[in-house]
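Asks: what follows is a predicted structure for the sequence shown.
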Amino acid sequence: MSKVVVISGHPNLEQSYTNTVILQQLEASALDVEVRRLDSLYPDYHIDVAAEQRALMAADVIVLQFPFYWYSTPALLKKWLDDVFAYNFAYGAEGDKLKGKDFFLSLTVGGPEESYDPLGYNHFTVEQMLHPLQQTAYLAGMNYRAPIYTNRMVFIPGVYNTQADVEERARDHAARLMSAIRKVVESPEAIIKKFVAAWFAEFDQLPAESEFFTQSLASDVQWVMPEGEFAGHEGFRDWYHIAKATFKPGCDHHVEQITVNPKGAGFEVQLRIRLSAETQPASEFKGAPVNMLVNETWQVQIEAARVEIQTYYVEPVTAS
Ligand SMILES: Cc1cc2nc3c(=O)[nH]c(=O)nc-3n(C[C@H](O)[C@H](O)[C@H](O)COP(=O)(O)O)c2cc1C
């Protein structure tokens, strides 16, 4: 199941009427949710960057949950962002650790709907005011999803709203957020991307047995490689034998590009993979390290959230 990490940026949840309700609803849901309450983890604003980065790397979906403060995040969440989205983590030459993750902003807004309008007293839409966070997601290579927010969330007894009303809106907010998350994690594209990551992580290890791979191959799979064409599970095992005689375990398949499009009864997956590997001394590469780029085209089907590969074409990218 996809993992959802929710970063709660409210500076004092004990005094919250709405963010607490949203977090409770999320934790009670059937989703695999981890809530990180920054106010209790870091009352002194000293963020444990390594712990936060580990939590984000384990996530498929990242949610920032916060009350809108001065048209932005509370200072605690901004500090978290400044510290955690560091060079070579979220950006920079090796800063691809958040790439491909789904990113939701989920916020409670005090002002009414009509104020967030060119003719209203807030002049701009909430979406416009979130542009810096949207661009942050783009720079980190994350998938920015439509923000989930709810207006009129201030409760000041006898002045603004009633507690029952804001709590009701908070429950509705949580339901909308969970439904948006489900749509993203249950989409064929998400299922296939997760599968691709697990597939190449296993290929990096080149395990002795090939069951991990064959369990996701159609019995009549067409396996077309630079080394030749192979058919069915038996054919795959023949090819796997060649691969193991060529590359050493501990290689790196880096997914540089991936697109998923419906085709026939299933989906066509197009990939560009960069393979860096040590090679076996007796192979054609004579033990020299290799760094190669290949284009892959797979035809897959999804049955009960399981991916099955029907055809698998790999061709090296060559200089034109
Ligand atoms: C310091 C501060 C700044 C705020 N700034 C805004 C704002 O810019 N726009 C707005 O609509 N509401 C603003 N509010 C209202 C909060 O968004 C609202 O109180 C909050 O979402 C309610 O969440 P809670 O019940 O979990 O505390 C602000 C509140 C505080 C305390």
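Replies: Yep, it's here.

Asks: contacts and neighbour counts: CA atoms only from here.
Replies: Noted.

Asks: and the residue of the stretch 151-300 of the chain nearest the ligand?
Replies: Taking Cα to the nearest ligand atom, the ligand has its nearest neighbour within the stretch 151-300 of the chain at Val154, 4.2 Å off.

Asks: name the helix or strand for the residue nearest to that residue when sequence neighbours are not counted, please.
Replies: Of all residues not flanking Val154 in the chain, Gly110 sits nearest, at 4.8 Å (Cα to Cα, 6 or more residues apart in numbering). Gly110 belongs to no helix or strand when assigned by DSSP states H and E.

Asks: any idea how far Gly110 lies from Leu41?
Replies: Going from Gly110 to Leu41 by Cα to Cα, to the nearest Å gives 25 Å.

Asks: more crowded one of these two?
Replies: Using other Cα atoms under 10 Å as the criterion, Gly110 and Leu41 rank with Gly110 on top: 16 against 12.

Asks: got a list of what that one touches?
Replies: Each residue near Gly110 by Cα atoms under 8 Å, 6 or more residues apart in numbering is listed here: Phe68, Asn151, Arg152, Met153, Val154.

Asks: 7 Å instead?
Replies: Going by Cα atoms under 7 Å, 6 or more residues apart in numbering, Gly110 touches Asn151, Arg152, Met153, Val154.

Asks: ok, Glu27 next?
Replies: Val33.

Asks: near the ligand, which residues of the stretch 151-300 of the chain show up?
Replies: Met153, Val154 (Cα under 6 Å from any ligand atom).

Asks: where do the strands sit along the stretch 151-300 of the chain?
Replies: Using DSSP state E, counting those that start in this stretch, the strands found in the stretch 151-300 of the chain span residues 217-225, 228-231, 252-263, 266-277, 290-303.

Asks: redo the contacts of Gly110 as JSON lines? Include pLDDT.
Replies: Below are the contacts of Gly110 laid out as JSON lines (pLDDT from 0 to 100):
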{"residue": "Asn151", "pLDDT": "98"}
{"residue": "Arg152", "pLDDT": "97"}
{"residue": "Met153", "pLDDT": "98"}
{"residue": "Val154", "pLDDT": "96"}
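
Asks: follow-up on the earlier one: burial count for the residue of the stretch 151-300 of the chain closest to the ligand?
Replies: Counted with other Cα under 10 Å, the neighbours of Val154 add up to 21.

Asks: right, I'll leave it there.
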